[in-house]
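Colleague: Using only what follows, build the 3D model:
(2 chains)
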Amino acid sequence: LTAIEQDALAEDNPLTDGLERLPVPHTTLVIFGATGDLSKRKLLPALYNLAHEGQLPERFALVGISRGESSDDDFRAVAKESITQYSRREPDSDVLDALLARMRYLSFSFDDQEGYKLLAEALDEIDEEAGHPPNRCYYLSTAPSFFGVIPERLREAGLHKHPEVDVRCVVEKPFGNDLKTARQLQNTISKAFRESQVYRIDHYLGKETVQNLMAFRFANYMFEPVWNRNFIDHVQITAAEDLGIGSRAGYYDSAGALRDLVQNHMMQLVALLCMEPPVSFDADKVRDEKVKVLQAIPPMTEAQVSDCTVRARYLAGVDAGEEVCGYLEEDGVPDASNTETYAALRLEVRNWRWAGVPIVLRTGKRLARKVTEIAVQLKEVPHMAFQDEGSEGVVPNQLVLTMQPDEGVSLKLGAKIPGAKMRIRPVTMEFHYGTSFLSQSPEAYERLIIDAMRGEATLFTRNDEVDAQWSIIDPILKSWEDKKPRMATYEAGSQGPAEANRLLGEHRKWRRL
Amino acid sequence: VSPTAEEEVWSAQDTTPSAIEGAMRALLAKRHQETGAVSPARVLNMIVICDREYRGEIENRLQKVGRYHPSRAIVCAVQPNRKTLDAWVSMAAVHEGPLTVSRERVEIDVGPHHLRKLQTILAPLVVPDLVTLVWAPHGHGEAEDALREMAQVVLVDSLDDDCAASLARVASLLENMYAVDLAWLRSTPWRERVAAAFDPPYARRELFNLDAVTVRHREDSVAAAALFAGWLASRLNWKPSQLAGHGGTLAGRVKTRRGEVKITLEPVRADVPGLAGVTIGSADGGSVALDRSPGGLREVRTGRDGSEQSFTVMGASRGEGGILGEGVRQALLRDRTYKPALAAARELIG
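Modeller: Numbering: from 1, shown residues only, chains lettered A, B, ... in the order given. Here you go, the predicted structure:
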């Protein structure tokens, strides 16, 4: 090749310029827990949609692994049913058949070393059929107790590396149960995989609207001048569910609201909201900035836990006109459960931009409405020029970024009420994504699976982020476990416990759900 | 937009643009008074100029655009001998998840003499600050020309008996507007797959060692084949030159930095417009062939030793409705590789 041609090859494939969908390396995807709930509801339908849109590479194979005895055909039947039931589009039978033909199934217990010999044989066969060995991507969609076991067994079987291709490991949440177990898990995984091979899932990051947070902040000049302690009074982040725990009592009672949503998703929202503009949107540049925010949130002392956190549990109440039971009456919840279904906390990011700005978070089950939003409240105007009643309607500007259910941005402004007098009323300027972008958003898992296969790590959580997240949450968990503070209560279908109001301080109120 | 129970309609004969615009404002205000939750869609204006006798077919095609439907669609139906404007305005509330979005459609019967000054009729009717897309599926180039200053994007389909003239026309429109070419969009899966086929490091070197490209296309899709070959030529810095015709097939050699590549555009029987297959060969005897097959594209790789491997590259056909929908979506994007591909295609076609 000429020097110019070699330079061209060293950079990018010249044929990919201008393409919306970039090539995905040939990959064998191995799903541990392939017949589990997550796989059936999310992973397999996501794979179908990727196939439908022509995004999977030509050399693609899926190896499903679960403990249950089953044949390849049985697994394909399960996959077909799951895809038909949960796919966001009606499957095309030809594409579905082509995808099912790429699937095979292995049955073994995840801690059984013999099973990994079967896996090695299957992978060798796939490599042989493909001509050039495809990359390998292990997806751990199992109970968390196997997150450390599987990488260990893969290492023992020599499957954690390959001389010719990339080997990656996708780890579902939760990554650890507290700081100690997260670090233990990281130590175990790091014996098998380098950090660059590990893709920790926080599916919130795969959502279009969460990614839009970065677009909103860093593609618009007008917000940056006010995005700091000089103009922002406080920030409220809400992740409220109107539903109860459903059939997840086993998991939920061992986790609780703080672990289930605050430690991962809500901490990521805090990081995205408060981070400095990254130099570029490379995975590590973005994650470097996020981790700085998380590390600037100091762990709470016991006294601070008492002052700055609220935990609560829902009682029986009325939701959508129907009477519903309290948490302790839910199927599968132990009578002596001490698990919170609601958590609220006040944090502070101690850096030049955010020092002194309360960032309050709340999440809970069986609240009045399902909503995930970030509300940024600006300070009051410094001087009221309007006389007497003219000032009554003036309220601070509030910018609300809504993630679900109605994705959009709204800005509360003061406007003059028509008439002879100068009277002000707050009005809302709203932007809904649905009115400006008509394309159907892909499911978060579609984006995350394809990114993992491409080795694009921006939307995955790095180890130091997870560590920093647990470092914030761990003292709260420990204090709650050790001190057993009184569990506040709230009626199902309500706004949450009254105790949460104190976190905001005087003159501030939670946004109504 | 399918008519719904919430659709509001206004119509008038021998009317004026300002009357149509006034009617739209009145319908919007009425809609807001009745259901305050309705938000006006703000994606793009789409102006369609079509023959009145085929208006129904165009409406069907627009309906199939589905979720990519523009916010405000203005259909100008051209009727021979018409001297006046008749108009029909519809405002429909479409439920988009938790949102109710209003979509507006205007149909105006115009005469041929209106086309040269169409911008004066349509200027009050488009939503300001939105991208305006113009599509004239039945010709009416004078209307496209009249809208060169007003519209930012033109939707074309280089699917034409006279391929050279068709490509020249797009090149002319590109002087004023961004062009979305449906013939180009039909080749997208092929371009993606060829890019993927040469993406692995061991395959990428072959890009500079190619010696033959054969593009199989439906008889009426020479332009799509030329655009595909033009894309390869422009991406790989080949020096395109005019291909010679032999019984429907166009063939010739183009110069590359290292030698020559034989390009063949070969018509074949096919059910759908666009490409039917592609074979790309390298000087050492290897090749990659892609052809349509159930569930996607069939890829056959032939090694330099003659060994063969075949795969199905999974993917569902978008159909012509999907292609048009994609065309509307592309109006909001910019593909910087189309213009050089078009220039190379014009060199190939001559």
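Colleague: quick one: low-confidence parts of chain B?
Modeller: B:1-6, B:35-39, B:41, B:64, B:66-70, B:96-99, B:160 (pLDDT under 70).
Colleague: Centroid-nearest residue for it?
Modeller: The centre of chain B sits closest to B:Leu182, judged by Cα atoms, centre = their mean, with a distance of 2.4 Å.
Colleague: Next, the contact list for the closest residue to that residue other than its chain neighbours, please.
Modeller: Excluding the flanking residues, the one nearest B:Leu182 by Cβ to Cβ, 6 or more residues apart in numbering or on different chains is B:Asp157, at 4.1 Å. Bear in mind the C-beta positions are built from the backbone N, C-alpha and C, glycine included. Contact analysis of B:Asp157 by Cβ atoms under 8 Å, 6 or more residues apart in numbering or on different chains lists B:137, B:181-183.
Colleague: Quick check: phi and psi at the closest residue to A:Val167 other than its chain neighbours.
Modeller: Spatial nearest neighbour of A:Val167, excluding adjacent residues (Cβ to Cβ, 6+ apart): A:Arg136 at 4.7 Å. Note on A:Arg136: its backbone torsions stand at phi -120, psi 130 [degrees, to the nearest 10].
Colleague: any idea how far A:Arg136 is from A:Phe223?
Modeller: Computed as Cβ to Cβ, to the nearest Å, the A:Arg136 to A:Phe223 distance reads 43 Å.
Colleague: A:Glu499 now?
Modeller: From A:Glu499 across to A:Phe223, the span is 33 Å (Cβ to Cβ).
Colleague: returning to that earlier point: tell me which of A:Arg136 and A:Phe223 has more neighbours.
Modeller: A:Arg136 (24 against 14; other Cβ atoms under 10 Å in any protein chain shown).
Colleague: surely the more buried one meets A:His26?
Modeller: No - applying Cβ atoms under 8 Å, one finds A:Arg136 not in contact with A:His26, separated by 10.2 Å.
Colleague: what's the helix or strand containing A:Ile473 packed up against?
Modeller: A:Ile473 is part of helix A:463-483, with elements assigned from DSSP states H and E. On a contact count with 3 or more Cβ pairs under 8 Å, 6 or more residues apart in numbering or on different chains; DSSP states H and E, helix A:463-483 meets helix A:179-192, strand A:198-200, helix A:267-274, helix A:283-295, helix A:302-308, strand A:309-315.
Colleague: Would you convert those into a markdown table that also reports mean neighbour count?
Modeller: A markdown table is the format used below for the helices and strands packed on helix A:463-483 (neighbours: other Cβ atoms under 10 Å in any protein chain shown):
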| stretch | mean neighbour count |
| --- | --- |
| helix A:179-192 | 17 |
| strand A:198-200 | 24 |
| helix A:267-274 | 24 |
| helix A:283-295 | 19 |
| helix A:302-308 | 15 |
| strand A:309-315 | 24 |
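Colleague: For B:Ser241, find the nearest of the ones you listed.
Modeller: helix A:283-295 (44.1 Å; Cβ to Cβ).
Colleague: if we can go back for a sec, now do the same contact list for the residue nearest to A:Val167.
Modeller: Counted by Cβ under 8 Å, 6+ apart, A:Arg136 has contacts A:27-28, A:30, A:123, A:159, A:162, A:165-168.
Colleague: The most centrally placed residue in chain A in helix, strand or coil?
Modeller: Centroid-nearest residue in chain A: A:Tyr204, 2.5 Å away (criterion: Cα atoms, centre = their mean). Of the three states, A:Tyr204 takes helix under DSSP: H, G, I helix; E, B strand; the rest coil.
Colleague: So the residue lying closest to it once chain neighbours are set aside versus A:Tyr342, what's the distance?
Modeller: Leaving aside its sequence neighbours, A:Tyr204 sits nearest to A:His265 (Cβ to Cβ, 6+ apart; 4.2 Å). A:His265 is 15 Å from A:Tyr342, where distance means Cβ to Cβ.
Colleague: Which residues are in contact with the closest residue to chain B within the stretch 251-400 of chain A?
Modeller: When scored by Cβ to the nearest Cβ, the stretch 251-400 of chain A has A:Lys370 as its residue closest to chain B, at 10.3 Å. Neighbour list for A:Lys370: A:240-243, A:404-405 [criterion: Cβ under 8 Å, 6+ apart].
Colleague: cool, A:Thr209 as well?
Modeller: A:Thr209 is in contact with A:402-404, A:407, A:433, counting by Cβ under 8 Å, 6+ apart.
Colleague: and the closest residue to A:Ala249 other than its chain neighbours, how many neighbours?
Modeller: Of all residues not flanking A:Ala249 in the chain, A:Gly332 sits nearest, at 3.1 Å (Cβ to Cβ, 6+ apart). Using other Cβ under 10 Å, A:Gly332 is surrounded by 13 other residues.
Colleague: Tell me if A:Gly332 really is in a helix.
Modeller: No - read with three-state DSSP, A:Gly332 is coil and lies in no helix.
Colleague: Go ahead and confirm it touches A:Tyr251.
Modeller: No - contact criterion Cβ under 8 Å: A:Gly332 and A:Tyr251 do not qualify, at 9.8 Å.
Colleague: how far away is the residue nearest to A:Ala249 from A:Cys308?
Modeller: A:Gly332 sits 31 Å away from A:Cys308, going by Cβ to Cβ.
Colleague: What about A:Asp388, how many residues nearby?
Modeller: Number of residues near A:Asp388 (other Cβ under 10 Å) recorded here: 10.
Colleague: One more: A:Glu506?
Modeller: With other Cβ under 10 Å as criterion, A:Glu506 counts 5.
Colleague: Same check on B:Phe208?
Modeller: When neighbours are counted by other Cβ under 10 Å, B:Phe208 registers 21.
Colleague: ok but it is inside a helix, no?
Modeller: Yes - according to three-state DSSP, B:Phe208 belongs to a helix.
Colleague: Was I right to think it contacts B:Val261?
Modeller: No - between B:Phe208 and B:Val261 there is no contact under Cβ under 8 Å: 10.7 Å.
Colleague: which residues of the stretch 351-500 of chain A fall in strands?
Modeller: A:359-364, A:371-378, A:398-404, A:408-416, A:424-432, A:488-491 (DSSP state E, counting those that start in this stretch).
Colleague: now the residue nearest to B:Leu182: how far from B:Thr256?
Modeller: Distance from B:Asp157 to B:Thr256, by Cβ to Cβ: 30 Å.
Colleague: what about stretch B:271-287, how long is it end to end?
Modeller: Criterion Cα to Cα, to the nearest Å; first-to-last residue distance in stretch B:271-287 is 26 Å.
Colleague: Kindly apply the preceding question to stretch B:303-322 instead.
Modeller: Start and end residues of stretch B:303-322 are separated by 35 Å (Cα to Cα).
Colleague: which residues are in contact with it?
Modeller: By Cβ under 8 Å, 6+ apart, stretch B:303-322 touches A:51-54, A:56, A:58-60, A:92, A:94-95, A:98-99, A:131, B:61, B:64-66, B:189, B:193, B:196, B:272-273, B:282, B:284-286, B:290, B:293, B:295-302, B:325-326.
Colleague: Filter the residues you listed down to just the buried residues.
Modeller: Restricting the contacts of stretch B:303-322 to buried positions leaves A:51-54, A:56, A:58-60, A:92, A:94-95, A:98-99, B:61, B:64-65, B:189, B:193, B:196, B:273, B:282, B:286, B:290, B:295-299, B:301-302, B:325-326, with burial counted as 16 or more other Cβ atoms under 10 Å in any protein chain shown.
Colleague: Of the residues you listed, which belong to helices?
Modeller: A:51-52, A:94-95, A:98-99, B:61, B:64, B:189, B:193, B:196, B:325-326 (DSSP state H).
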